[in-house]
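Trainee: just to be clear, the model below is a prediction. Sequence and coordinates:
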Amino acid sequence: MWPADFYTGFEIAAVEWVVPLALSGVGFETYQTLGALERAGIQFGATLVVAMVFLGLAQGYGPKTVGTSRRSPVISLCIGLPGLLIVSGITATGYLIIGTSLGTFFGIPVVIIGATVLPILTVLGFVAIGQSIATRLGRDQLWAGVIVGSVLSGLVGVSVATTILAAIVAGALGVGAGVRVLFRSGGTTQPDERTVPPANKI
């Protein structure tokens with residue numbers, strides 16, 4: 001009985017604290033009632049904090065994902081759009097089955113993973129877009145991409161429709177690049193690395 005009681009308590013905590021507002025109709029309605037400046041400030045602050053924390057912790061994966069998004073955005077979008085749809089659908093399904101016996105053991109982990117991965121990869125997509133803009137302004141540094149991407153995330157917050165569209169594009173970029181970094185073929189860490197055959201002995 002203890003595991004069931006543990007998961008029941010954990011289920012309540014997850015529903016109240018972990019599930020993002022986007023998965024809740026009430027939360028989305030509350031977000032819509034916020035003023036344009038409030039939405040812009042929240043999105044700017046959230047993007048800036050998540051980007052700084054994740055890029056500081058994942059110093060290998062984070063910059064590689066941003067770099068991959070910038071080098072080949074079309075490929076990242078082609079991979080990321082269906083990937084974003086699949087991950088969002090699985091996360092939403094997990095949220096819907098949380099109240100069932102199956103959802104107690106499978107729904108909560110799926111929601112937690114989706115609610116963690118999707119926002120992070122979306123923020124990395126904003127950073128990649130921001131760094132591309134910063135490069136045109138003469139600042140080709142990751143920190144410049146973080147700042148410009150956060151400002152861009154805040155600017156689109158003046159309109160809910162613009163926020164959704166920008167989140168889809170940035171999310172697709174981040175998901176596509178993230179998948180490519182994880183499953184990059186060849187086992188090389190840099191695109192310019194090559195396997196050189198040994199010289200023939202005379």
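Mentor: Received it, and whenever you're ready, just let me know what you need. Numbers count the residues shown, from 1 in each chain.

Trainee: go ahead and confirm L48 touches V146.
Mentor: Yes - L48 lies in contact with V146 (CB atoms under 8 Å); the separation is 6.8 Å. Where you see a C-beta, it was placed from the backbone N, CA and C, and this is true even at glycine.

Trainee: show me the helices in this structure, by range?
Mentor: Using DSSP state H, the helices of the chain run over 2-13, 25-33, 36-57, 61-71, 73-96, 101-102, 108-136, 142-155, 160-182.

Trainee: buried ones in the fourth one, by neighbour count?
Mentor: Put plainly, it is helix 61-71. G62, P63, K64, T65, V66, G67, T68, S69, R70 (16 or more other CB atoms under 10 Å).

Trainee: repeat that for the last one.
Mentor: Residues of helix 160-182 classed as buried by neighbour count (16+ other CB under 10 Å): 163, 166-181.

Trainee: and the most centrally placed residue in the chain, what does it touch?
Mentor: Nearest residue to the geometric centre of the chain (CA atoms, centre = their mean): L121, 1.9 Å. For L121, the contact set (CB atoms under 8 Å, 6 or more residues apart in numbering) comprises T65, G171, G174, V175, G178.

Trainee: need the max-distance pair from the residues you listed.
Mentor: Using CB to CB, the pair of the contacts of L121 lying farthest apart is T65 and G171, separated by 12.4 Å.

Trainee: picking that back up, between the buried residues of helix 61-71, which sits nearest F106?
Mentor: T65 (27.5 Å).

Trainee: quick one: pLDDT of that closest one?
Mentor: Per-residue pLDDT puts T65 at 92.

Trainee: pretty sure it is touching A177, no?
Mentor: Yes - the pair T65 / A177 is scored as a contact, 4.7 Å apart, by CB under 8 Å.
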